[in-house]
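Enquirer: All I have is the shape, not the residue letters:
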Ligand code: 13P
């Protein structure tokens, strides 16, 4: 991380875990553990139905609430979907867009990711855009090509001013939920490449202020070393965000 130019952001992605009552319990446990945190922003991306309870429980703390997905249209005949405006109306501040699980199981494409980023920004939400390569792509040495493609398409039509609200999360698919973390060098190489791509489009000043997270089996043990890398400005954490103690240890590492 490099706090001179950008914010450190630790975000939990609960995925399809926790009822509203469980959400309240976890946030109540977490609050005293993070009461003194100064140098890092904290986000919990919870299931849609947990959002009102989570916002209520997090009130008065440093925890901001995010969603895990959003639809790209403002309203209309899209059964089962949720718009950015609906989320913003509840007090949601962030939304994860293009997580690899959504790309894999719900057929999201770079193009729908772009549309969702546009609608999130229009509603005043901060998108956390996920990019990452499969193991096959890494083995074939096309990781950086894949990432550049994802980054560029995600940002189609996004201005330099809007970019200030955008967070990227580099999540190698082979590291998600596998216990197999990217090495610090691998993770930093890709985050550095994301920034180089932003530099080409928006210039050096804009690029250096974008927060780029790493995600994929980040935990209390490996967080410190990953976060010590110049271009890793935070984490998007799955499994280890489901326990207050584990998650607060990662936040402590980011707060150093
Ligand atoms: P894990 O931390 O469980 O590997 O999940 C990472 C992730 O997918 C966060 O979005």
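Expert: Good, I have the coordinates. If you're wondering where the values come from, they're calculated on a predicted model, not measured in any experiment. Residues are numbered from 1 along each chain as shown.

Enquirer: Quick one: the strands in the stretch 151-256 of the chain, in order.
Expert: With DSSP state E, counting those that start in this stretch as the criterion, the stretch 151-256 of the chain has strands at 167-170, 211-215, 234-237.

Enquirer: just checking, what packs against the longest one?
Expert: When contacts are defined as 3 or more Cβ pairs under 8 Å, 6 or more residues apart in numbering; DSSP states H and E, strand 211-215 packs onto strand 8-13, strand 167-170, helix 184-202, strand 234-237. To be clear about C-beta, it is placed using only N, CA and C from the backbone, and glycine gets the same treatment.

Enquirer: who does that strand pair up with?
Expert: The strands beside strand 211-215 in its sheet (DSSP bridges) come out as strand 167-170 (parallel), strand 234-237 (parallel).

Enquirer: closest one to residue 57 among those strands?
Expert: strand 234-237 (18.7 Å; Cβ to Cβ).

Enquirer: how much distance is there from the closest one to the middle of the chain?
Expert: A distance of 7 Å separates the centroid of the chain from that of strand 234-237, by Cα atoms, centre = their mean, to the nearest Å.

Enquirer: pLDDT (mean, whole number) over it?
Expert: Mean per-residue pLDDT for strand 234-237: 98.

Enquirer: Give me the residues contacting it.
Expert: Contacts with strand 234-237, where a contact means Cβ atoms under 8 Å, 6 or more residues apart in numbering, come from 1, 7-13, 40-41, 96, 128, 130, 167, 169, 171, 211-215, 218-219, 223, 226-227, 247, 250, 254.

Enquirer: same check, this time on stretch 101-118
Expert: The contact list for stretch 101-118 (Cβ under 8 Å, 6+ apart) reads 15, 69-72, 84, 95, 97-98, 127, 129, 149-150, 153-158, 166, 173, 176.

Enquirer: How about the contacts made by residue 163?
Expert: For residue 163, the residues meeting the contact criterion (Cβ under 8 Å, 6+ apart) are 155, 198, 202, 206, 210.

Enquirer: and the ligand, which of those contact it?
Expert: For the ligand, no contacts are drawn from the contacts of residue 163 by Cβ under 6 Å from any ligand atom.

Enquirer: confidence score at the residue nearest to residue 69 when sequence neighbours are not counted?
Expert: The spatial neighbour of residue 69 that comes closest, neighbours along the chain excluded (Cβ to Cβ, 6 or more residues apart in numbering), is residue 102 at 6.1 Å. Reported pLDDT at residue 102 in the predicted model: 98.

Enquirer: can you check residue 256 too?
Expert: pLDDT recorded at residue 256 is 88.

Enquirer: Pull up the gap between it and residue 91, please.
Expert: Per Cβ to Cβ, to the nearest Å, residue 256 is found 30 Å from residue 91.

Enquirer: Between those two, which is the more surrounded one?
Expert: When residue 256 and residue 91 are compared on other Cβ atoms under 10 Å, the one with more neighbours turns out to be residue 91, at 15 against 11.

Enquirer: Write out the residues of the stretch 51-200 of the chain neighbouring the ligand.
Expert: Near the ligand, when you scan the stretch 51-200 of the chain using Cβ under 6 Å from any ligand atom, you find 99, 171, 176, 177.

Enquirer: So which of the residues you listed belong to helices?
Expert: Helix and strand membership here follows DSSP state H; of these, not one is in helices.

Enquirer: In the protein, what residue lies closest to the ligand?
Expert: Of the chain, the residue with the smallest distance to the ligand, taken as Cβ to the nearest ligand atom, is residue 238 at 2.3 Å.

Enquirer: List the contacts of that residue.
Expert: For residue 238, the set of contacting residues under the criterion of Cβ under 8 Å, 6+ apart consists of 12, 13, 15, 176, 177, 215.
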